[in-house]
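> Here is a sequence with its predicted model. Questions after.
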Amino acid sequence: MTVDAREQPPNPSAVPLLAPRDGVPDVITDAAALAATVSAFAAGSGPVAVDAERASGYRYSQRAYLVQLRREGAGTALIDPIACPDLAPLAAALADTEWVLHAATQDLACLREVGLNPPRVFDTELGGRLAGYPRVGLGPMVEELLGYSLEKGHSADDWSTRPLPEPWLRYAALDVELLVDLRDAVYRDLVAQGKLSWAEQEFSAELAAVPHPPRAEPWRRTSGIHKVRKPRNLAVVRALWEHRDMLARRRDMTPGRVLPDAAIIESAVSLPTTVQLLRGVPGFSGRTRSADAVGYHAALRAALQLPEDQLPASQPPHDGPPPAKAWERSAPEAAARLAAARPAVAAIADEHLIPVENLLSPDLLRRLCWSPPAQLDDDTVAETLRVSGARLWQVELTAHVIASALRREAGRPAAL
């Protein structure tokens, strides 16, 4: 579940929701119990609330370790997808049903992994953004719209734990307890504001989105890599990162729990010449990490022996335009276009009480300003936005103002 980072005081009149109205159900762990659940949910009515719990801070995989559902007439179900890894029969029973999720993009992949493919979704978090709510975490929205406060104490726990503690199960059941009620409240506001079709387009786009391809050089996201500048030392970062990733995948642990990023960076800077010296780098303490040091040091030595043509570049390759902060010097005309278009789009977002990033992807706007179409009429800019992935409602709101901004900049004399 998403937790909104913006701090605002809680609603003092909100009623604490301490337990599900039907109690905490037993976790479904066998085929017979799953079959009974499929029948119950098939016989239910209305939308189905769906949530999933992962163990992102503990496990390498992003698989679901608990799936929660609630539907009118069926009650709440808590399913262990490790014991019941194929939930396709449940998805088939709900094939004509709207699925309600909060921050759907976080859960769709792990739900699909166990056979739960929604036919259509209503994302209460995304709907809340479009409706202009200042806080869009599940807890704040339930407080503001429904008058209840939810406990949010277990979202970062290790959900791969077995058996799951009862307080965790109660928390998980409460996450779907009011989700359909929340959906109804958001739906009413979207209708009242004339934004329902916008939301429906966004929900469809969430379902249709394809997974992002793997990063070309994921090791460059190692925290603290700015301290490493020479290609040879960067090769060491890459080698240690790849060795750690192999260990993390094998052990199904998050990489940071296998070895901290800081240990990789320190090793790449200091280049310990022996295994013993590597063990002295902060982060290599403990029996397992000390034993791992042999493999890490072999990776480090191999990186130091690479020929020059196999070393990584000092700067990462760019998929698209370079960072906008560099445009002023390297591409002043593009910087001027972006400086003109950004506030125009922001004004539209303010007018409709929508976060600017939901009105139009900032990356899409940067790419358009970096490489605009040859013709800057409204229709051409609109088609460029559409082909780049903007939804119809976004194109209708932004194409004219972006095209106008680009035309104004194209008509200015070049700076001497």
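Done, it's in. Predicted, not measured: the structure shown is a model, and the values here were computed from it.

> tell me which element the most centrally placed residue in the chain falls in.
The chain has residue 106 as the residue nearest its centroid, 5.1 Å off, counting by CA atoms, centre = their mean. Assigned by DSSP states H and E, residue 106 falls within helix 104-113.

> Which residue ranges of the stretch 201-350 of the chain form helices?
Using DSSP state H, counting those that start in this stretch, the helices of the stretch 201-350 of the chain run over 231-251, 255-258, 261-270, 275-279, 287-304, 327-330, 332-351.

> where are the low-confidence patches of the stretch 301-416 of the chain?
412-416 (pLDDT under 70).

> before we move on, the earlier item: just after the helix holding residue 106, pick out the following helix or strand.
Trace forward from helix 104-113 with DSSP H and E and the next one is strand 120-123.

> How far off centre is the helix or strand following that next one?
Counting by DSSP H and E, the next helix or strand C-terminal to strand 120-123 is helix 124-130. Distance of helix 124-130 from the chain centroid (CA atoms, centre = their mean, to the nearest Å) equals 15 Å.

> Packing partners of helix 124-130?
Here helix 124-130 touches helix 138-146, helix 179-192, helix 196-208, helix 356-359, going by 3 or more CB pairs under 8 Å, 6 or more residues apart in numbering; DSSP states H and E. C-beta coordinates here come from the backbone N, C-alpha and C atoms, glycine included.

> Can you mark which positions in the second one are buried?
When you say that, I think you mean helix 179-192. Applying a neighbour-count criterion of 16 or more other CB atoms under 10 Å, one finds 179, 180, 181, 182, 183, 185, 186, 187, 189, 190 buried in helix 179-192.

> what does the third one give?
Neighbour-count burial for helix 196-208 flags 196, 198, 199, 200, 202, 203, 206, 207 (criterion: 16+ other CB under 10 Å).

> which of those residues lies closest to residue 344?
residue 198 (19.0 Å; CB to CB).

> Take the longest strand belonging to the chain, keep the C-alpha atoms, and write them as CSV.
In the chain, taking DSSP state E as the definition, the longest strand is strand 45-53. In CSV, the C-alpha atoms belonging to strand 45-53 read as follows (Å, rounded to 0.1, in the frame of the first residue of the first chain):
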residue,chain,number,x,y,z
SER,A,45,-22.0,-8.9,-5.8
GLY,A,46,-20.4,-5.6,-6.8
PRO,A,47,-16.7,-4.7,-7.1
VAL,A,48,-14.1,-6.8,-5.4
ALA,A,49,-11.4,-5.1,-3.2
VAL,A,50,-7.9,-6.6,-3.8
ASP,A,51,-4.6,-6.0,-2.1
ALA,A,52,-1.3,-7.9,-1.8
GLU,A,53,1.6,-7.9,0.7
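
> roughly how far apart are residue 314 and residue 229?
6 Å (CB to CB, to the nearest Å).

> Which residue ranges make up each domain of the protein?
15-208, 218-310, 324-410 (automatic domain parsing).

> Just tell me which of these ends up closest to residue 318.
Proximity to residue 318 (CB to CB) singles out domain 324-410 among the domains of the chain, at 10.1 Å.

> so residue 84 makes contact with residue 28?
Yes: between residue 84 and residue 28 there is a contact at 6.3 Å, judged by CB atoms under 8 Å.

> between those two, what contacts are shared?
Shared contacts of residue 84 and residue 28 (CB atoms under 8 Å, 6 or more residues apart in numbering): residue 34.

> Distance from the helix holding residue 106 to the middle of the chain?
With CA atoms, centre = their mean, you get 10 Å for helix 104-113.
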